[in-house]
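In: heads up, no residue letters with this:
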């Protein structure tokens, strides 16, 4: 009997570890047999890992680590940092969302809220899957993730949208001590009873700093432009909608969801002031943002 | 002259905001903002009324533009939207299809 014990141990399923990452009030449970993967999740989403139990309504993913999972994640490895979404495919077939890119594949059933992620041991693939799933969850309700920095000041949240180089990280870096940074890269926008809230996210840009896990009512969305002076200009509502749509994260080739995103942007522009913020690279811009 | 009929595609989302019509293709997310004149043509694109009648009734009359000039602009406009699958063009009346989401 004692001779068999090692064999039984080898074939017995490993104990599953669960980490729940909650962003924008949407909990996603990640179940893995790898303690190392669980630790990586805790470190990567520090502050957003809220509990280790799956509650009602929690989205759940089983993590299927690929063979290369044995390779230790090397923070200096640029392989994953250069991944683009160009080859990303997000499709809805037979009741399942399928997400596929060179470094991962995943399925998710929005009815059972259960899915599987196949990836190696790295945070970049998981980051991408989480972003995609959040966009899918939010889209139908007119809520969204948007390429924007965001911060809370005096109890009100401000969004700063723009493509790479527009100044999201710069304006985040210039934020005064009394501002709470929600993200310098990807903001999370949800509806509340009277308008919208901006929520903190762990999706960081060049600042490489996780946002605060909190939220506040959204006061305005600023489209960033760097210039010789600080000023806020009104912009045409249609242009504001177009600019917002350009910055909303959305990956699925699904006509119904595209319509939902469009409707969401239209509603947002009617309810939240959208302005052009021209700023110079110093902290004085924050004098306009109180 | 052969009549041209135009109809809004079913694969679009559209909304009017501050007098301008925003139209987005749900197939490739192409986004258009239509000014007042273009919006008038867009609204009238019912697949039944010939383009020259739409232009005469809703453009020349409303915006005081000569018919030849307005028609040439309208033809270019509908060609562009058609190229993105946002508008259907035919030399025959176009039967109604699935209604679009949003108000034209």
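Out: Sure thing, it's come through. Bear in mind that the values here come from a model prediction, so they are computed numbers and not experimental data.
In: Show me where the stretch 51-200 of chain A dips below the pLDDT cut-off.
Out: A:68-86 (pLDDT under 70).
In: Residue B:28 contacts residue B:84, doesn't it?
Out: Yes. The criterion here is Cβ atoms under 8 Å, and residue B:28 meets it with residue B:84 at 7.1 Å. Placement of C-beta: from N, CA and C, glycine included.
In: so what does the longest strand seen in chain A touch, helix or strand wise?
Out: Identified as the longest strand of chain A according to DSSP state E is strand A:215-226. When contacts are defined as 3 or more Cβ pairs under 8 Å, 6 or more residues apart in numbering or on different chains; DSSP states H and E, strand A:215-226 packs onto strand A:156-161, helix A:168-173, strand A:196-199, helix A:237-247, strand A:274-279.
In: and residue A:149, which of the three is it?
Out: strand (DSSP: H, G, I helix; E, B strand; the rest coil).
In: Please report how far it lies from residue A:175.
Out: 9 Å (Cβ to Cβ, to the nearest Å).
In: neighbour count winner among the two?
Out: Neighbour count, other Cβ atoms under 10 Å in any protein chain shown: between residue A:149 and residue A:175, residue A:149 has more, with 30 against 21.
In: So which residues of chain B form helices?
Out: In chain B, the helices defined using DSSP state H lie at B:36-44, B:51-54, B:61-63, B:67-83.
In: possible to save those as TSV with mean neighbour count and distance to chain A?
Out: Below are these laid out as TSV (neighbours: other Cβ atoms under 10 Å in any protein chain shown; distance: least, Cβ to the nearest Cβ, whole Å):
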stretch	mean neighbour count	distance to chain A
helix B:36-44	19	11
helix B:51-54	19	22
helix B:61-63	11	19
helix B:67-83	16	16
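In: Nearest to residue A:208, out of those?
Out: Among the helices of chain B, the nearest to residue A:208 by Cβ to Cβ is helix B:67-83 (43.2 Å).
In: Surely residue A:287 is within a strand?
Out: No. Looking at residue A:287 with three-state DSSP, it is helix, so not inside a strand.
In: Tell me, how many residues neighbour it?
Out: Using other Cβ under 10 Å, residue A:287 is surrounded by 9 other residues.
In: any idea how far residue B:86 is from residue A:259?
Out: Separation of residue A:259 from residue B:86 (Cβ to Cβ) stands at 14 Å.
In: Comparing those two, which residue is more hemmed in?
Out: Shown here are residue A:259 and residue B:86; by other Cβ under 10 Å, residue B:86 has more neighbours (24 against 21).
In: so what pLDDT did the more buried one get?
Out: With respect to pLDDT, residue B:86 has a value of 91.
In: how far away is it from residue A:231?
Out: Relative to residue A:231, and taking Cβ to Cβ, residue B:86 is found at 36 Å.
In: and what of residue B:28?
Out: From residue B:28 to residue A:231 the distance is 35 Å (Cβ to Cβ).
In: How about residue A:46?
Out: As defined by Cβ to Cβ, residue A:46 lies at a distance of 37 Å from residue A:231.
In: thought residue B:30 was touching residue B:24?
Out: Yes. Using Cβ under 8 Å, residue B:30 is in contact with residue B:24, at 6.8 Å.
In: Of these two, give the one with the bigger neighbour count.
Out: Taking neighbours as other Cβ under 10 Å, residue B:30 and residue B:24 compare with residue B:24 leading, 28 against 15.
In: Low-confidence stretches in chain B?
Out: B:1, B:96-104.
In: Who does the closest residue to residue A:155 other than its chain neighbours form a beta bridge with?
Out: Nearest non-adjacent residue to residue A:155, counting by Cβ to Cβ, 6 or more residues apart in numbering or on different chains: residue A:216, 5.9 Å away. Beta-bridge partners recorded for residue A:216 (DSSP bridges): residue A:198.
In: How far off centre is stretch A:38-50?
Out: 14 Å (Cα atoms, centre = their mean, to the nearest Å).
In: Flag every buried residue along it.
Out: Within stretch A:38-50, the residues that count as buried by 16 or more other Cβ atoms under 10 Å in any protein chain shown are A:38, A:40, A:41, A:44, A:45, A:48, A:49.
In: How about stretch A:181-194?
Out: Buried residues in stretch A:181-194 (16+ other Cβ under 10 Å): A:181, A:182, A:183, A:184, A:185, A:186, A:187, A:188, A:189, A:190, A:191.
In: List the contacts of residue A:179.
Out: Applying Cβ atoms under 8 Å, 6 or more residues apart in numbering or on different chains, we find residue A:179 in contact with A:151, A:152, A:153, A:286.
In: meant to ask about residue B:63
Out: B:36, B:37, B:40, B:70.
In: Compare neighbour counts for residue B:28 and residue B:84 and give me the winner.
Out: Taking other Cβ under 10 Å, residue B:28 and residue B:84 do not tie; residue B:84 has more neighbours (17 against 13).
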